[in-house]
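*Asks:* What follows is a predicted structure for the sequence shown.
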Amino acid sequence: MDKRGALMLAGMGLALAALSALWMFQGLGGGNRAFVLHLRGAKLAALVIVATAIGVATILFQTVAANRVLTPSIMGFDALYVLLQTALVAVLGGAGYVGLPAGAKFLAEIAVMSALASLLFGTLLLRGARDVPRMILTGVILGVLFRSVSGFLGRVLDPNEFAVVQAVSFASFNRVDTGLLPVAAGVTLLGAILAWRLSARLDVLALGRDPALSLGLRHQAVVLGVLALVAVLVSVSTALVGPVAFFGLIVAGLAHGLMRTARHAALLPAAALSGAILLVGGQWLFERQLGQAATLSVVVEFAGGLFFLYLLLKGRIR
């Protein structure tokens, strides 16, 4: 990493530290400060975990797909999450769903989404790493299927139960279960470290299949490992706060624009830091300054959709 990149990462780290301090201590009254700091710290941790997981996963996925317009959500993770919630409500009812142990439900969601993704990746890519476009197309089709099944189940649900499904079908940074944070943080940290250790191989992978093979990279094994890592990180983020489709696109675009390099040793931490700055700063703005007049997840999705159209119109596909 060059000096400019190191300075940029240091500046982003300082910006995140300043925003975190502002988030934690602004307006801290004379009441039960320990209780307030605990609540604020839990939400801050959730925001950083989600930003890191989505940012790293998006950079990894775009490297495998050789396309900077795609995000992991195109593989149907969000649709599968909504289908799981709808199916649970349909089987257990609204009261039974609410009464599920949060920790067991969280781990089960991660396991199901990761297992399905690994099955899809393995089935298609074991036949040759040239099947990456087919894998992406299959993910799009599965996403449509999952949404159709969820819509059908939603139509036969009781209105009160359907309201429960609707409440968990959209990302929310305000309903995070603090008991899930240690597991989510551990998995995300481990995934980020593994991704960073693979940065040199990812640089080679980004050159394309044939150049990577000529340089001695075990292309198929690396692709499968990276996609499995993407599946776990996206599953953790989605199970923790709900589906966020376009946030990764914004974060990856910022990382590429700020770092001006193709080296993953710089892109991966830049994506995590820029995502954390956006989420912490955005949540502080909407919660402390605007009085919850808007929802951060809705604004992020809207901005991400506009950024997606911008990339398409500019022709920045790679």
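*Replies:* Received it, and whenever you're ready, just let me know what you need.
*Asks:* Quick check: which ranges of the stretch 51-200 of the chain have low pLDDT?
*Replies:* Applying pLDDT under 70 to the stretch 51-200 of the chain flags the ranges 121-132.
*Asks:* What separation is there between Trp23 and Gly94?
*Replies:* 34 Å (CB to CB, to the nearest Å). Where C-beta positions appear, they are placed from N, C-alpha and C, glycine not excepted.
*Asks:* Pick out whichever of these two has more residues nearby.
*Replies:* Neighbour tally, Trp23 and Gly94, criterion other CB atoms under 10 Å: the higher count belongs to Trp23, 19 against 16.
*Asks:* can I assume the more buried one is in contact with Arg40?
*Replies:* Yes. Using CB atoms under 8 Å, Trp23 is in contact with Arg40, at 6.3 Å.
*Asks:* ok, now which ones touch the residue most central in space within the chain?
*Replies:* In the chain, the residue lying closest to the centroid (CA atoms, centre = their mean) is Ile54, at 2.6 Å. Ile54 makes contacts with Leu233, Val234, Ser237, Val244, Phe247, Gly248, Val251, Gly275, as judged by CB atoms under 8 Å, 6 or more residues apart in numbering.
*Asks:* and the residues you listed, which of them are in helices?
*Replies:* Per DSSP state H, helices hold the following members of the contacts of Ile54: Leu233, Val234, Ser237, Phe247, Gly248, Val251, Gly275.
*Asks:* residues contacting the second one?
*Replies:* Listed by CB under 8 Å, 6+ apart, the contact partners of Val234 are Ala53, Ile54, Ala57, Pro72, Ser73, Phe77, Met113.
*Asks:* For those residues, give me TSV that also has distance to Pro182 and secondary structure.
*Replies:* As requested, the contacts of Val234 are exported to TSV (distance: CB to CB, whole Å; DSSP: H, G, I helix; E, B strand; the rest coil):
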residue	distance to Pro182	secondary structure
Ala53	15	helix
Ile54	19	helix
Ala57	20	helix
Pro72	24	helix
Ser73	26	helix
Phe77	23	helix
Met113	20	helix
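*Asks:* Tell me which two in the residues you listed are the farthest apart.
*Replies:* Ile54 and Met113 (14.1 Å; CB to CB).
*Asks:* quick one: what helix or strand has Leu190 in it?
*Replies:* Per DSSP states H and E: Leu190 is located in helix 181-197.
*Asks:* quick one: the helices in the chain?
*Replies:* With DSSP H as the criterion, the chain has helices spanning 3-25, 33-65, 77-98, 102-125, 132-156, 159-168, 181-197, 199-205, 209-214, 219-241, 247-259, 264-284, 296-314.
*Asks:* Could you export these to a markdown table, including columns for distance to Arg175?
*Replies:* Shown next, in a markdown table, are these (distance: least, CB to CB, whole Å):
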| stretch | distance to Arg175 |
| --- | --- |
| helix 3-25 | 18 |
| helix 33-65 | 10 |
| helix 77-98 | 12 |
| helix 102-125 | 11 |
| helix 132-156 | 20 |
| helix 159-168 | 8 |
| helix 181-197 | 13 |
| helix 199-205 | 34 |
| helix 209-214 | 42 |
| helix 219-241 | 8 |
| helix 247-259 | 17 |
| helix 264-284 | 13 |
| helix 296-314 | 11 |
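*Asks:* Nearest to Asn174, out of these?
*Replies:* Nearest of the helices of the chain (CB to CB): helix 33-65, 7.7 Å.
*Asks:* What count of nearby residues applies to Val48?
*Replies:* Residues lying near Val48 (other CB under 10 Å) number 21.
*Asks:* and what of Leu92?
*Replies:* 14.
*Asks:* show me what contacts it?
*Replies:* Leu100.
*Asks:* and the gap between it and Val98?
*Replies:* For Leu92, the distance to Val98 - CB to CB - is 9 Å.
*Asks:* same check, this time on Val236
*Replies:* Using CB to CB, we find Val236 at a distance of 22 Å from Val98.
*Asks:* Neighbour count for those two, which is higher?
*Replies:* Val236 (29 against 10).
*Asks:* Tell me, how many residues neighbour the closest residue to Gln26 other than its chain neighbours?
*Replies:* Setting aside the residues directly before and after it, Gln26 is nearest to Arg288 in space (CB to CB, 6 or more residues apart in numbering), at 6.3 Å. Arg288: 13 surrounding residues under other CB under 10 Å.
*Asks:* Quick check, Arg288 in contact with Met24.
*Replies:* No. Using CB under 8 Å, Arg288 is not in contact with Met24, being 11.5 Å away.
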